[in-house]
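K.L.:
Pasting a predicted model and its sequence here:
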Amino acid sequence: MKGKVKITNLKVEYAYNPIGVDAEKPRFSWMMESYLYGQKQIAYQILVASSPEKLVENRADLWDSGKVISDISVAIKYNGNPLEPSTVYYWTVIVWNQDDKKVQPEEDAYFETGLKSTDGVKGWSGAKWISMDGKDSNRHGAPLLRKETKLNGTVKSARLYISALGVYDAYINGYKIGTVNEDDDSLSMDFMPPGWTNYDSTINYMTYDVTRYMKGDAVVLAAVLGNGWWNCRISQGRDLDGRTSYYSGEGNELALFAKLLITYEDDSVYSMVTDAHSEWKATDTGPIRSDDIYDGETYDATMEIEGWNDIGFNDSKWNDVKEHDYRKTYPHAIVSAFNGDKAQVIDKLDQFPQSITFYTDVIDKDSSKNNRGTIDIDSNRTIVDPERAKDGNVIISDKDTVIFDLGQNMVGVPSITVQGERGSQIKLRFAEMLNDDSEGADGPKGSIYTANLRTAKATDFYTLKGDVEGETYQPTLTFHGFRYVEVTVVSPDTKVHVRRLIGKVVMSALQETGSIVTSNNDVNQLFSNILWGHRGNYLWIPTDCPQRDERVGWSGDTQLFANTALYNMDATIFLENWMEMLKDSQEAYGEGAFHSTAPGGRFADFLGVVGNGGWADAGIIVPWTVWQMTGDTTIIEKTYKAMVKFMDWMYRQTGETYKGPGSIGDWLNFEGTARQFMSDVYYAYDAKLMSYMSSAIGKQDEAEKYQKLYENIKKEFIKNYISIDKFGKVTLKSSNGSAFNSVNFYSSADVEDNSQCGLLWAIKLELYENADQKKQMVELLVENIKNDEKYKRLHPDSNRVNYAENTLSVGFLGVNVIAPILSEVGYSDVAYSLLVQDQMPSWLYSVKNGATTVWERWNSYSGGEGFGDVGMNSFNHYAYGAIAEWMYKYMAGIANDETQPGFKHINLQPNIDKNNRITSVSGEYKSVYGTIKSEWTIKGKTLTYNVLIPANTTATVWLPATNKNSVKVDGQLIQKHKEINVVGYENEKAIYQIESGCYEFESTIENIKVTN
């Protein structure tokens, strides 16, 4: 590879060889790979053809772009002949390098269109939404639907287009349908498709290649329907916060919508569709007796119907089906092809028990601090050796309570293999934490803690069928957030042999693109916690928590974590899809504002705050962030009208006062900032970003308008919030504006002037008049964070006096800003002090207390005080994990250049810890142009810095160094390296321009703390 240049990673709509593509102008991308210096693309030519034979110059019959002079290789939009539905197209790209030589990929690529229809009629061959006829609304049981038909020849190919009101597990000829993996032709099992949308406006259908199942002379299409998000109280809300229009307390009827398109060897086609008049049959007497996202699944294996989804089954006694009234109720609802990564069971992330605890009784009730006692552990049967526990081979009686500790808080379902008598029932309950002896505990010490689940029952029941070889149960119509699984036997006088229990992780199957490893084990655990929280809360939509009776798509959490998300994973399409839901909700639940959640109306206007500052602004911030990380303006173009609508709505609310429309403020802070203040700064932020984005898509007049709006907001902000005394001392009046009166779990402090969050946003948005005011604000911020004895003495009324030095006081709206701003203004040492702090409030506080995911609250739990307020206390909540943005950008030093988005030009800006608390950092990020590596190590006063810059990009390096001319690269002085341009030296950093390739820098740093 070292002497070669390769074109790889050919993608359409950010996916390899996708099927079911409905975009009118699909986007093409590729990467140039080489370790040689200075490799770049100067031109490209895309060819799209109807067959591989035509995929050559002058023969491509769909599109030949011709030679395009451009160095861009991301999101090139198709501009050829119209694409037909359900058709495979082949494509390739020819690249000219810097020497004007052609480079071509070794393999051609393809993509396949979907039905090219959004009305649910065209292309569906008469398919209808069908439901079980005669189902008693008071009778539980997941509906099973099936149809069998004869085949009329040898099948060349088959595609299934399918959706549901609710969720589905689909089968053909007895085989569960999965998504084919390109690399090894294996199957991945989709989890609760088609996910969650605003059903009253949009519903997705999935496309599957099902050719492999088409054997014999007949075909059976079958499905199990679950309630999913369509028929769940997840959409229930209060009038104050917003109700979802499709929610019904009496229950929503489930439905299936499908088309199986079969192409025979003679190229004739046949479509099997869901309708009410062609021998579709249904029953609800199958094994899944109940299912609910919050409450769990009940499965009775004695009610399994052998062969129900296979050829030759007698379904004559089953009910008929009927047409569902969905089309009549929502005639304008769009049925669109799902574009993105489906939620799947990720087998490689399986979690195994680390310990198995048995107990039969509770002791010490009277002597315990909370009078709840302690579980009486059976030490003879308890397994504490992880290797033995992994096998999970235990016998449980009806007198036992057994807790399996998987060691990792995760999202998914259990897979439990058991053996026992027919009709024996087991119960599985799920929890993130074990009880202690504090007042907040909800059971004896050592038992599972479930109070934070609120009304979610999070319980699965399984009734054994009595298979002597053992039987495995894995729920498919619910999911849980858990580390601990409590297993009990419900049937009296019964024993069940548990052969194995595995935690099966489910998430939207996004490619993981980033990693951080440091010399500090606690920081490494923090990064692991952030990644696990990300995995668990990106499940069809970006949720806020996976365990309790919530799990909705909070827009505030989404916007502040988006940058971290796009480093961790290839989340571009995931966030694009969610933005479509936010747009839908804008139309459905208001007159122009974006909302606090999407999809659904629940919490749309949380606590009655419409246009909630920091939450609604996700409609502006997410498109900006996706564009910056990819260089792709598509999300801006698709969202622009909705963004303008939101900006116009805000202006109508407050006019030329230039105030924001309102906010719930810096949620869960430890030092209050007035909510109107937060609304105002986000209004300014929106205006600033709108100006940049308008310019990016050629709307220069609008760009100027929004820049003027920002300047007006800034002018009023300075007037309202900056106070200067006669000595020129600045006070940021972050207490100005309305206080927020709410239940006690909102905040731990009253509003204060010169709050951390207020100062951060004023500095970030340049909301000051001159350099002196900025300097004073920076000093105020640093003094507040350092919080030494002098600071506490001068601020006796501040909530900061209650906490240690170098601790945070921000909540949700400051957490992604604080460390980046510190590094931007030259105080990375303070950012490191925050990072390595483990006293509360801090990122490592949860790590010190045993967390394996990020918590919702800084003080969700402590060894001394126990559990936080049960009203809102998730132990898997990714928002505070936004510190990873700083870890990638400033600690590892892999940053995008805002003027050349998508890492076309990379800012390599490693900020070392001069106090030697962290002595090495290795960061990696697979950008849309290729893999970037940035690794530094400090030994004594010597900094070694290794970088990898992908082909077709350039970079600027800001290297900590005492002298720019003494720096060595690849063993020789910098001046002798012809690939490097020495730019200058500022703020103790040597500045260099470099092109693609691998480099090893070495510099000396004098003002660093040297440790033995």
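P.N.:
It's in. Numbers count the residues shown, from 1 in each chain.
K.L.:
So, low pLDDT: which residues of this protein?
P.N.:
Within the chain, the stretches with pLDDT under 70 are 1-3, 738-748, 1011-1012.
K.L.:
Who are the contact partners of the residue sitting furthest away from the middle of the chain?
P.N.:
Distance from the C-alpha centroid of the chain peaks at K726, with 49.6 Å (Cα atoms, centre = their mean). Residues in contact with K726 (Cβ atoms under 8 Å, 6 or more residues apart in numbering): none are found. Bear in mind the C-beta positions are built from the backbone N, C-alpha and C, glycine included.
K.L.:
To which secondary structure element type does it belong?
P.N.:
Assigned with DSSP: H, G, I helix; E, B strand; the rest coil, K726 falls in the coil class.
K.L.:
Check N952 too.
P.N.:
From three-state DSSP, the assignment for N952 is strand.
K.L.:
cool, V56 as well?
P.N.:
Reduced to three states with three-state DSSP, the structure at V56 is coil.
K.L.:
Let me see the contact set for it.
P.N.:
Per Cβ under 8 Å, 6+ apart, neighbours of V56: L47.
K.L.:
try 6 Å
P.N.:
Contact analysis of V56 by Cβ atoms under 6 Å, 6 or more residues apart in numbering lists nothing.
K.L.:
From E769, how far out is the residue farthest from the centre of the chain?
P.N.:
The gap separating K726 from E769 is 17 Å, by Cβ to Cβ, to the nearest Å.
K.L.:
you'd agree Y161 is up against K259?
P.N.:
Yes - Y161 lies in contact with K259 (Cβ atoms under 6 Å); the separation is 4.6 Å.
K.L.:
and these two? which has more neighbours close in?
P.N.:
Neighbour count, other Cβ atoms under 10 Å: between Y161 and K259, Y161 has more, with 27 against 22.
K.L.:
and that one, that one's in a helix?
P.N.:
No - going by three-state DSSP, the assignment for Y161 is strand, not a helix.
K.L.:
Which of the helices or strands spans the nearest residue to L759 once chain neighbours are set aside?
P.N.:
In this structure, L759 finds its nearest non-sequential neighbour in L781, 4.3 Å apart by Cβ to Cβ, 6 or more residues apart in numbering. Element membership for L781 (DSSP states H and E) is helix 771-786.
K.L.:
List the buried residues for that helix?
P.N.:
For helix 771-786, a neighbour-count test (16 or more other Cβ atoms under 10 Å) marks 773-774, 776-778, 780-786 as buried.
K.L.:
what residues does it touch?
P.N.:
For helix 771-786, contacts defined as Cβ under 6 Å, 6+ apart pick out 730, 754, 756, 759, 762-763, 768, 791, 805, 825, 827, 830.
K.L.:
Need the buried ones from those residues selected in ChimeraX.
P.N.:
In ChimeraX syntax, the buried subset of the contacts of helix 771-786 is picked out as below (16+ other Cβ under 10 Å):
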select :730,754,756,759,762,763,768,791,825,827,830
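K.L.:
need the helices for the stretch 851-1000 of the chain, in chain order.
P.N.:
Per DSSP state H, counting those that start in this stretch, the stretch 851-1000 of the chain carries helices over the ranges 883-886.
K.L.:
meant to ask about the stretch 551-700 of the chain
P.N.:
555-568, 572-588, 618-630, 634-654, 675-696, 700-721.
K.L.:
now the stretch 401-550 of the chain
P.N.:
Taking DSSP H, counting those that start in this stretch as the test, the helices found in the stretch 401-550 of the chain are 521-537.
K.L.:
same deal with the stretch 201-350 of the chain?
P.N.:
So, for the stretch 201-350 of the chain - with DSSP H, counting those that start in this stretch - the helices run 326-329.
K.L.:
Strands of that one, residue ranges please.
P.N.:
Secondary structure of the stretch 201-350 of the chain (DSSP state E, counting those that start in this stretch): strands located at 202-209, 218-226, 255-264, 269-273, 281-283, 288-292, 296-300, 321-323, 334-337, 343-345.
K.L.:
Much appreciated, bye for now.
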